[in-house]
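Chemist: return a 3D structure for these sequence lines:
(one chain, ligands or ions: 2)
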Amino acid sequence: MRPPPLRNDCFALPAGVDWTPVDDAMAQLRDGLHAVTGVIRLPVDEAAGRVLAEPVAALRSNPPMPNSAVDGYGFAHAATGSGPQQLPLVEGRAAAGVPFEGGVPLGQAIRILTGAILPEGVDTVVLEEDVTTDGANVAFHGPLRAGSNTRKAGEDVVAGAQVFDAGHRLGAPDLALLSALGVAEVSVREPLRVGVLSTGDELVAAGQPAGPGQIFDANRPMLLAMLRRWGVVAVDMGHVGDDRAALAERLDDARDRCDALLTSGGASAGDEDHVSALLAETGSLRNWRIALKPGRPLALALWQGMPVFGLPGNPVAAFVCTLLFARPAFAVLEGAEWSAPQGFTVPAAFKKNKKPGRREYLRARLDAEGRAEVFVSEGSGRISGLSWATGLVELEDGARDVRPGDPVRFLPYASFGL
Ligand code: AMP
Ligand code: MG
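Modeler: Ligands and ions are numbered 1, 2, ... in the order given. Below you'll find the model as predicted:
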């Protein structure tokens, strides 16, 4: 079963809007999109990285039974007090997976190991390091807190409790939790298939002969790698020159193979900007002039129902726009929440006088003192800066006069899932 198609006006901005603030553009994108991928059942151990299609409840409590948290000796707290304690040991022991079948009489103790179900008559455990024993008796100092070194049934999760909402993306710890709760299979969204297409007459793939007027296609390997990191099925749609018919054909091809498409280059309103020209013919094109550096413009449209993100050609701008807009949009298309990166406030190791009216992202990394230093150039063709950086410094929309030591927001690449 497939969810309904996206609405043709899903990228529309309110009338009269010119330079769109980043937050408005994000809200617009978030609200215009919804899940487009189908739902499948998967064994939990194959579900890492997938998005849950329905809420999940615990089939069993964790822990299912009260048990010992340590290796030691178990007894009833009621028979102990303060000062030196001595209890005779019952024959046998309680171990994880091998419960003690009898009960432990009041005033006696039993050898018990970590994870063992508390036998009848035992509610408290003393650590083996805190006792002396001759094999027949155990002696220790009281008082002990009732219930010491034990785990209650369901103290972590109670059977029937909902542990995840629909839309949650499963990580490795989640597989531990689901497994512990007896959930072996889950309903998840099929992964999103996203195509990557480079455009421009000047491009050749790295490794191919390049004439003096040509440059190597840097965006495609970068974007494909980003998608793979995000658990998206990355579809290499290759490269087309500045040729409208060839581009239209490639878009059709992508429509058959992908749920969404990233193009780079040709997204502005110039003579050779065939991506935006062609997308305009669909009637769904919104050329977003986002108040953002680096980045504008971002062309968004539906090509026969397939969302197309027309990224700027500059690799730095393509990278930033993909992180800010495409990544969270893909999450929504896959049935997850819009995901904002987790940033950190750190002291600046740079100075910059920033104009109001647009948000800026600077290529940055942390120095040995944990201060954010920025790349020497803000030129959006300076690919080496992307590589030099380990994250971005985000400077808010208003004016900002940053001095060394001032707090700035640092977004590590890792916070974008890279
Ligand atoms: P455009 O958006 O097509 O005007 O391109 C802006 C700049 O980005 C131009 O200098 C292009 O040559 C460059 N560019 C476009 N696509 C790529 C690409 N895939 N790899 C590297 N540079 C590119
Ligand atoms: Mg171009």
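
Chemist: in its sheet, what does the top strand by length along the chain sit against?
Modeler: In the chain, taking DSSP state E as the definition, the longest strand is strand 83-94. Strand pairing for strand 83-94, using DSSP bridges, gives strand 109-112 (parallel), strand 137-142 (antiparallel).

Chemist: the helices in this protein, which residues?
Modeler: 22-32, 172-180, 219-229, 244-257, 274-280, 315-321, 327-333, 383-388 (DSSP state H).

Chemist: for ligand 2, find the nearest of the ones you listed.
Modeler: helix 274-280 (8.4 Å; C-beta to the ion). (C-beta placed from N, C-alpha, C; glycine too.)

Chemist: could you pull up phi and psi at the closest residue in space to Ala79 that isn't next to it in sequence?
Modeler: Nearest non-adjacent residue to Ala79, counting by C-beta to C-beta, 6 or more residues apart in numbering: Gly107, 4.3 Å away. When read as degrees, to the nearest 10, the backbone of Gly107 gives phi 90, psi 0.

Chemist: mind putting the helices of the chain in JSON lines, mean pLDDT included?
Modeler: Shown next, in JSON lines, are the helices of the chain (pLDDT from 0 to 100):
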{"stretch": "helix 22-32", "mean pLDDT": "91"}
{"stretch": "helix 172-180", "mean pLDDT": "98"}
{"stretch": "helix 219-229", "mean pLDDT": "98"}
{"stretch": "helix 244-257", "mean pLDDT": "97"}
{"stretch": "helix 274-280", "mean pLDDT": "91"}
{"stretch": "helix 315-321", "mean pLDDT": "96"}
{"stretch": "helix 327-333", "mean pLDDT": "97"}
{"stretch": "helix 383-388", "mean pLDDT": "97"}
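
Chemist: out of those, which is the most enclosed?
Modeler: Mean neighbours per residue, mean count of other C-beta atoms under 10 Å, is largest over the helices of the chain for helix 315-321, with a mean of 26.

Chemist: tell me what that helix is packed against?
Modeler: Using 3 or more C-beta pairs under 8 Å, 6 or more residues apart in numbering; DSSP states H and E, the elements in contact with helix 315-321 are helix 219-229, strand 306-311, helix 383-388.

Chemist: that helix near ligand 1 at all?
Modeler: Yes. Applying C-beta under 6 Å from any ligand atom, one finds helix 315-321 touching ligand 1 at Pro315.

Chemist: could you dump that helix to CSV, C-alpha only?
Modeler: Taking C-alpha atoms only, helix 315-321 is exported to CSV below (Å, rounded to 0.1, in the frame of the first residue of the first chain):
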residue,chain,number,x,y,z
PRO,A,315,29.4,22.6,-3.8
VAL,A,316,29.4,24.5,-0.5
ALA,A,317,25.9,25.8,-1.1
ALA,A,318,24.7,22.4,-2.3
PHE,A,319,26.1,20.8,0.8
VAL,A,320,24.5,23.4,3.2
CYS,A,321,21.1,23.3,1.5
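
Chemist: hmm, back to that, the residue nearest to Ala79: neighbouring residues, count only.
Modeler: Other residues near Gly107 come to 13 when the count uses other C-beta atoms under 10 Å.

Chemist: lowest-pLDDT helix or strand in this structure?
Modeler: Lowest by mean pLDDT, DSSP states H and E among the helices and strands of the chain is strand 286-288, with a mean of 75.

Chemist: and that one, does that touch ligand 1?
Modeler: No. Strand 286-288 stays clear of ligand 1 (C-beta under 6 Å from any ligand atom), getting no nearer than 12.3 Å.

Chemist: quick one: strands adjacent to that strand?
Modeler: In its sheet, strand 286-288 lies beside strand 298-303 (antiparallel), with partners assigned from DSSP bridges.

Chemist: list the contacts of the partner strand.
Modeler: Applying C-beta atoms under 8 Å, 6 or more residues apart in numbering, the contact partners of strand 298-303 are 6, 8, 10-11, 25, 29, 251-252, 254-255, 261, 267, 275-276, 279-280, 282, 284-288, 290, 307-312, 321, 325.

Chemist: show me which residues of the chain sit near ligand 1.
Modeler: 198, 200, 202-203, 215, 217-220, 264-268, 312-315.

Chemist: just the buried ones from those residues?
Modeler: Neighbour-count burial (16 or more other C-beta atoms under 10 Å) is assigned, among these, to 198, 200, 202-203, 217-220, 264-268, 312-315.

Chemist: which of those fall within strands?
Modeler: Using DSSP E, the members of these that fall within strands are Ser198, Leu203, Ser264.

Chemist: beta partners of the first one?
Modeler: When bridges are assigned using DSSP bridges, the partners listed for Ser198 are His239, Ser264.

Chemist: what's the answer for Phe216, then?
Modeler: The partner residues for Phe216, given DSSP bridges, come to Val204.

Chemist: per-residue confidence at it, what does it come out as?
Modeler: Looking at Phe216, its pLDDT stands at 98.

Chemist: show me what contacts it?
Modeler: Leu203, Val204, Ala205, Ala206, Ala210.

Chemist: tally of neighbours for the third one?
Modeler: Neighbour count for Ala205, taken as other C-beta under 10 Å: 13.

Chemist: what's near enough to touch it?
Modeler: Taking C-beta under 8 Å, 6+ apart, one finds Phe216, Asp217, Arg220, His239 in contact with Ala205.

Chemist: how about the last one?
Modeler: Contacts for Ala210 were tallied using C-beta under 8 Å, 6+ apart; they are Val204, Phe216.

Chemist: okay, it: pLDDT?
Modeler: 95.

Chemist: chain neighbours aside, what residue packs nearest to the closest residue to ligand 1 within the stretch 301-418 of the chain?
Modeler: Nearest residue of the stretch 301-418 of the chain to ligand 1: Gly313, at 2.4 Å (C-beta to the nearest ligand atom). Among residues not flanking Gly313 along the chain, Gly265 sits closest, at 3.4 Å (C-beta to C-beta, 6+ apart).

Chemist: I'd assumed Ser198 was in contact with that neighbour.
Modeler: Yes. Contact criterion C-beta atoms under 8 Å: Gly265 and Ser198 qualify, at 6.4 Å.

Chemist: and for the two, which residues touch both?
Modeler: The contact sets of Gly265 and Ser198 overlap at Asn219 (C-beta under 8 Å, 6+ apart).

Chemist: write out the residues of the stretch 251-400 of the chain neighbouring ligand 2.
Modeler: Proximity of the stretch 251-400 of the chain to ligand 2 (C-beta under 5 Å from the ion) is limited to residues Gly265, Gly266.
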